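Undergrad: The following block contains a protein sequence and its predicted model.
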Amino acid sequence: MLAADMDRKVLVWNCDEPDVRRRLAEPTSTMLGAETSGYDIVFIDEAQRVQNIGITLKLLIDNFPEKQVVATGSSAIELSNSINEPLTGRKYEYVLFPFSVEELINENGAQEERRLLERRLIYGSYPEVVNLPGEERETLTNLVSSYLYKDIFSFQDVRKPEVIEQLLQALALQVGSEVSFNELGRLLGLNSITVQRYIDLLEKSYVLFHLRSFSRNVRSELKKSRKIYFYDNGVRNALLGDYKPLALRTDTSALWENYIICERMKHNAYTAFHGKSYFWRTQQQQEVDYIEDYDGVLHAYEFKWSVTKQPRLTDTFAKNYPNHTFLVVNPDNYRAFIKEE
């Protein structure tokens, strides 16, 4: 909080409390005015638990514009569905991701975080995982079993909950590769539309996110492909029950790609980045791991865990898109890439 905010009075409503939920379900502007009188900030925690919370927030914002209203929730789908229509044009959304590398560097220092980089690739950066060293496996097991799917199971019509875990395990094995809804459907005994719906729900729950393929000039470019990544490496590895060190793994490249793209995604979200992100691949398997399109330039990146590997940008991409930059991102320079403006 800024120093100028330290003297502002804050009212906190915890919507885990039944009486708070009842008061906020159908309030009048008069009641809200009385309860918030003398406060500068109204903080509503677990707001998605309140019936008609969107209307309540609208009343607060429209009738008391001098107050700052903050509504938080652990269920992204429920909260979003509750507030989107009533608060159109009245809200700013902020997503709280697992710790970013910059947050961890601010706490531990750059040298220590570089030493811990392998652990981040294996165990991820969820706050409880980071804050309980030595208990990472137990923490991730509990996270995956009790929290990861609760949005979908409690709020959506998922008739075969076990299929969600099977789908996630299949996606965990395909990090860094193109994903086919049809192939996943055949593997799981589902139609492709159901697979797509489940993946969409997992994205809205902030378990997964996707990149689309970039295509513009080259006839052999893959035009409708997608890659899917996990918001946290630890969650990905917990789904597979695989915490082996990197020296014993065959998926180190996939872990590095998932980690570094996710860290860049966090940076872009926190800095209101207005470009677009893609990967690029042709039918002949020429590829670029990651592309950002902004300011009229294509910024191309390859991700390599080995600092000695320095691949060249494929000639097909370079010749067809001459207005580009290119960088190989490895453990020695990844921090500069993540913060690149």
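TA: Now that the structure is in, tell me what you want to look at. Numbers count the residues shown, from 1 in each chain.
Undergrad: elements contacting the host helix or strand of Glu102?
TA: Element membership of Glu102, judged by DSSP states H and E, is helix 101-108. Applying 3 or more Cβ pairs under 8 Å, 6 or more residues apart in numbering; DSSP states H and E, we find helix 101-108 packed against helix 110-115, helix 334-339. Just so you know, the C-beta spots here come from the backbone N, C-alpha and C atoms, and that holds for glycine as well.
Undergrad: Tell me which other helices or strands the first one touches.
TA: In terms of contacts (3+ Cβ pairs under 8 Å, 6+ apart), helix 110-115 is packed against helix 101-108.
Undergrad: so what are the domain limits for this protein?
TA: 3-83, 109-339 (automatic domain parsing).
Undergrad: can I get those domains in TSV with distance to Glu103 and mean pLDDT?
TA: TSV is the format used below for the domains of the chain (distance: least, Cβ to Cβ, whole Å; pLDDT from 0 to 100):
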stretch	distance to Glu103	mean pLDDT
domain 3-83	18	86
domain 109-339	9	92
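Undergrad: Output those domains in a markdown table; the columns should cover mean neighbour count and distance to Leu96.
TA: Listed next are the domains of the chain as a markdown table, based on neighbours: other Cβ atoms under 10 Å; distance: least, Cβ to Cβ, whole Å:
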| stretch | mean neighbour count | distance to Leu96 |
| --- | --- | --- |
| domain 3-83 | 16 | 8 |
| domain 109-339 | 17 | 9 |
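Undergrad: Adding distance to Lys91, write those domains out as JSON lines.
TA: Shown next, in JSON lines, are the domains of the chain (distance: least, Cβ to Cβ, whole Å):
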{"stretch": "domain 3-83", "distance to Lys91": "7"}
{"stretch": "domain 109-339", "distance to Lys91": "15"}
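Undergrad: Let me know which of the ones you listed is the nearest to Glu102.
TA: For those, proximity to Glu102 was assessed by Cβ to Cβ; domain 109-339 is nearest, at 7.0 Å.
Undergrad: which one is the one residue sitting closest to the centre of the chain nearest to, not counting chain neighbours?
TA: Central residue of the chain (Cα atoms, centre = their mean): Tyr231, 4.5 Å from the mean position. Spatial nearest neighbour of Tyr231, chain neighbours left out: Tyr206 (5.7 Å); criterion: Cβ to Cβ, 6 or more residues apart in numbering.
Undergrad: cool, and Thr282?
TA: Ser220 (4.4 Å).
Undergrad: ok, the one you found - contacts?
TA: 282-284 (Cβ atoms under 8 Å, 6 or more residues apart in numbering).
Undergrad: likewise Met265?
TA: 209, 277.
Undergrad: Would you map the strands across the stretch 1-150 of the chain?
TA: Here the stretch 1-150 of the chain has its strands, by DSSP state E, counting those that start in this stretch, at 10-14, 41-45, 68-71.
Undergrad: Dump those into JSON lines; add distance to Trp256 as well.
TA: Conversion of the strands of the stretch 1-150 of the chain to JSON lines gives the following (distance: least, Cβ to Cβ, whole Å):
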{"stretch": "strand 10-14", "distance to Trp256": "40"}
{"stretch": "strand 41-45", "distance to Trp256": "36"}
{"stretch": "strand 68-71", "distance to Trp256": "36"}
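Undergrad: any idea how far Thr88 is from the residue lying closest to Asn52 once chain neighbours are set aside?
TA: With sequence-adjacent residues excluded and distances taken as Cβ to Cβ, 6+ apart, Asn52 is closest to Ala25, at 6.0 Å. As judged by Cβ to Cβ, to the nearest Å, Ala25 and Thr88 stand 21 Å apart.
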